[in-house]
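Participant: Take a look and give me a structure for this.
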Amino acid sequence: MMTDPISDMLTRIRNAALARHDRVRIPASTLKHQIADVLKSEGYVSDVQVEEGDQASPFRTITLVLKYGRDRAPAIEGIRRVSSPGRRIYVRAQEIPTVKSGLGIAVLTTSRGVMSDRQARQAGVGGELLCEVW
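Facilitator: Predicted coordinates for the structure are as follows:
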């Protein structure tokens, strides 16, 4: 039994980027799909696809197409879980941290949905600080 599926997702992305894989498959959930959409809109992954299960594997999966730059340098240099099941971290709109002096993003779940730190500041909402990506 997995106690922190979001941490598992971030670890799979981190390991795939370090191993220079083109794609990474993750067991699907609504929250994971929303986080993946934020990563896509911020330019850290190229594409997000949700695949329905078949007879061999009846579970839905999310496939992320990772993005690389020159010399196969991954777009995601680092990814870190901030809030965990045992220690939830909540921030107000004025307290949302900047990641790597604005070069990275923080992903928050708010009352208006999952969004990046820039979108949350613009909307003036705070929430649970899920992870940081740079």
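Participant: Tell me the spacing between the most centrally placed residue in the chain and residue 132.
Facilitator: A centroid search over the chain (CA atoms, centre = their mean) returns residue 35, at 4.3 Å, as the residue closest to the centre. Separation of residue 35 from residue 132 (CB to CB, to the nearest Å) stands at 12 Å. Heads up, the C-betas are built off the backbone N, CA and C, glycines and all.
Participant: Between those two, which contacts overlap?
Facilitator: Shared contacts of residue 35 and residue 132 (CB atoms under 8 Å, 6 or more residues apart in numbering): residue 107.
Participant: how many neighbours does residue 9 have?
Facilitator: Applying other CB atoms under 10 Å, we find 23 residues neighbouring residue 9.
Participant: Equivalent analysis for residue 5, please.
Facilitator: 14.
Participant: who's in contact with it?
Facilitator: By CB under 8 Å, 6+ apart, the contact list for residue 5 reads 27, 29, 32.
Participant: picking that back up, return the backbone torsion pair for the residue nearest to the centre of the chain.
Facilitator: Note on residue 35: its backbone torsions stand at phi -60, psi -40 [degrees, to the nearest 10].
Participant: per-residue pLDDT, it?
Facilitator: Residue 35 is assigned 98 on the pLDDT scale.
Participant: Longest helix in this protein, please.
Facilitator: Looking across the chain with DSSP state H, the single longest helix is helix 5-18.
Participant: Stretch 67-85: end-to-end distance?
Facilitator: Start-to-end span of stretch 67-85 (CA to CA, to the nearest Å) is 29 Å.
Participant: Could you check how far that stretch is from the centre of its chain?
Facilitator: On the basis of CA atoms, centre = their mean, to the nearest Å, stretch 67-85 is displaced by 9 Å from the centre of the chain it belongs to.
Participant: Flag every buried residue along that stretch.
Facilitator: 67, 74, 75, 76, 79, 81, 82, 83 (16 or more other CB atoms under 10 Å).
Participant: Show me those residues that map onto strands.
Facilitator: Per DSSP state E, strands hold the following members of the buried residues of stretch 67-85: 79, 81.
Participant: can you list the buried residues of stretch 67-85 in CSV and add distance to residue 117 and pLDDT?
Facilitator: Below are those laid out as CSV (distance: CB to CB, whole Å; pLDDT from 0 to 100):
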residue, distance to residue 117, pLDDT
67, 20, 96
74, 21, 94
75, 17, 95
76, 16, 95
79, 14, 97
81, 15, 97
82, 11, 97
83, 14, 97
